[in-house]
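Enquirer: kindly return the folded structure for what I paste below:
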Amino acid sequence: MAFSNTQPPYLSPMIPFSGTIQGGLQDGLQITVNGTVLYSSGTRFTVNFQVGPSDNDIAFHFNPRFEESGYVVCNTKQKGCWGPEERKMQMPFQMGNPFEIIFLVQSSDFKVMVNGSLFMQYSHRVPFHRVDTISVTGTVKLNYISFQPPGFWQASSAPITQTVIHTVQSTPGQMFPNPIISPMTYPNPTYPMPFFTSIPGGLYPSKSIIVSGTVLPSAQRFHINLCSGSDIAFHLNPRFDENVVVRNTKINSFWGSEERSMPRKMPFIRGQSFSVWIMCEGHCLKVAVDGQHLLEYYHRLKNLPAINNLEVAGDIQLTHVQA
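Expert: Take a look at the predicted model:
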């Protein structure tokens, strides 16, 4: 299942941030904003969906405020003038803590998920297809902003829910303790295991691959392979029985030398969700888990465009693949 038309993510964008939404907002587009609220003298942050780089026309202003007991202001700005505020008198964010916001564009409104739970809906006041820019300001540090196009998830008529469709039960509101990409939760899993897909165009500098899922409670091992024909250019192999993440390359049916050292502890935990980002650079692959850099792996196969297949197998339930 490959999605060559997916807009590349914005990785670690600096705040204040303003970026283009390629093709503008569309019914079914899902945008994920992942970061951490900073301890700061500032008490607010904002995500704006706006028409062009100017802030004169903002279709959806999402503005958490830590003042008083905390609340979220939503509004629309047309030709420089704000409309009536809508206030949600809840605060799902905490200073110093990571967060993930998923904005799902639908024909009648925006649906907003925070940390895996439906937080609110905001009815469109202006035609959403005019929106072509997202901006983020305030007391946050961002890991990424990613885009899943319409039809990416096999949606049903069921409402968005925080029910986990995988094998793990989670505490409501604490489904995702670390920054990860979490898909909307729909009833039907769409990823068979083992999972195979092509990587359109193969690898090249700036190419990113995202694999998200849930580690099974009794997991022993799983792996993510980037393949070139019958060769495995990159084998990422978390082993829970050894508490290590093994990396290697297999050429002509022979494995090379394993790499096992890591700058931090094992990032994968049995029974918990995860998101792996693999970013290709000219000399190496950079791997981040749950929004935090984990390791670099220097290319052993140099023909990057020929590395054009992805395989995922082992003791996990897949929830999201972007290749």
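Enquirer: these two touch, right, residue 29 and residue 107?
Expert: No - counting by C-beta atoms under 8 Å, residue 29 does not reach residue 107; the two are 11.6 Å apart. In short, each C-beta sits where N, CA and C put it, glycine included.
Enquirer: so which of these two has more stuff around it?
Expert: Of the pair residue 29 and residue 107, residue 29 is the one with more neighbours under other C-beta atoms under 10 Å, namely 22 against 8.
Enquirer: now that one. Nearest residue, chain neighbours left out?
Expert: Leaving aside its sequence neighbours, residue 29 sits nearest to residue 105 (C-beta to C-beta, 6 or more residues apart in numbering; 4.6 Å).
Enquirer: so what's the residue count around residue 111?
Expert: By other C-beta under 10 Å, neighbour count at residue 111 equals 19.
Enquirer: what is it paired to in the beta sheet?
Expert: Assessed by DSSP bridges, residue 111 has beta-bridge partners residue 104, residue 121.
Enquirer: and it, what's its pLDDT?
Expert: What the model reports as pLDDT for residue 111 is 93.
Enquirer: hmm, back to that, my guess is the residue nearest to residue 29 contacts residue 30. True?
Expert: Yes - because the distance of 7.5 Å satisfies C-beta under 8 Å, residue 105 is recorded as touching residue 30.
Enquirer: same for the helix or strand containing residue 319, what does it pack against?
Expert: Applying DSSP states H and E as the criterion places residue 319 in strand 316-322. Contacts defined by 3 or more C-beta pairs under 8 Å, 6 or more residues apart in numbering; DSSP states H and E place strand 316-322 against strand 195-198, strand 208-215, strand 309-314.
Enquirer: ok, and what's touching the first one?
Expert: Translated: strand 195-198. 1, 2, 308, 309, 310, 311, 312, 313, 318, 321, 323 (C-beta atoms under 8 Å, 6 or more residues apart in numbering).
Enquirer: check those and tell me the two furthest apart.
Expert: 308 and 318 (19.6 Å; C-beta to C-beta).
Enquirer: neighbour-wise, which of these two wins?
Expert: residue 318 (22 against 19).
Enquirer: pLDDT value on that one, please?
Expert: 86.
Enquirer: wait, isn't it in contact with residue 213?
Expert: Yes - between residue 318 and residue 213 there is a contact at 4.5 Å, judged by C-beta under 8 Å.
Enquirer: overlap in contacts of the two?
Expert: residue 312.
Enquirer: how is this protein partitioned into domains?
Expert: 10-148, 195-322 (automatic domain parsing).
Enquirer: name all residues that make contact with residue 309.
Expert: 196, 197, 198, 199, 226, 227, 228.
Enquirer: closest to residue 251 out of these?
Expert: Of the contacts of residue 309, the one sitting nearest to residue 251 (C-beta to C-beta) turns out to be residue 228, at 9.0 Å.
Enquirer: near that closest one, how many other residues are there?
Expert: So residue 228, with other C-beta under 10 Å, has 20 neighbours.
Enquirer: then residue 249?
Expert: When neighbours are counted by other C-beta under 10 Å, residue 249 comes out with 22.
Enquirer: next, find the distance separating it from residue 232.
Expert: Going from residue 249 to residue 232 by C-beta to C-beta, to the nearest Å gives 6 Å.
Enquirer: go on, residue 127?
Expert: Residue 127 is 48 Å from residue 232, by C-beta to C-beta.
Enquirer: of the two, who's got more company?
Expert: Using other C-beta under 10 Å, the more surrounded residue of residue 127 and residue 232 is residue 232, with 22 against 10.
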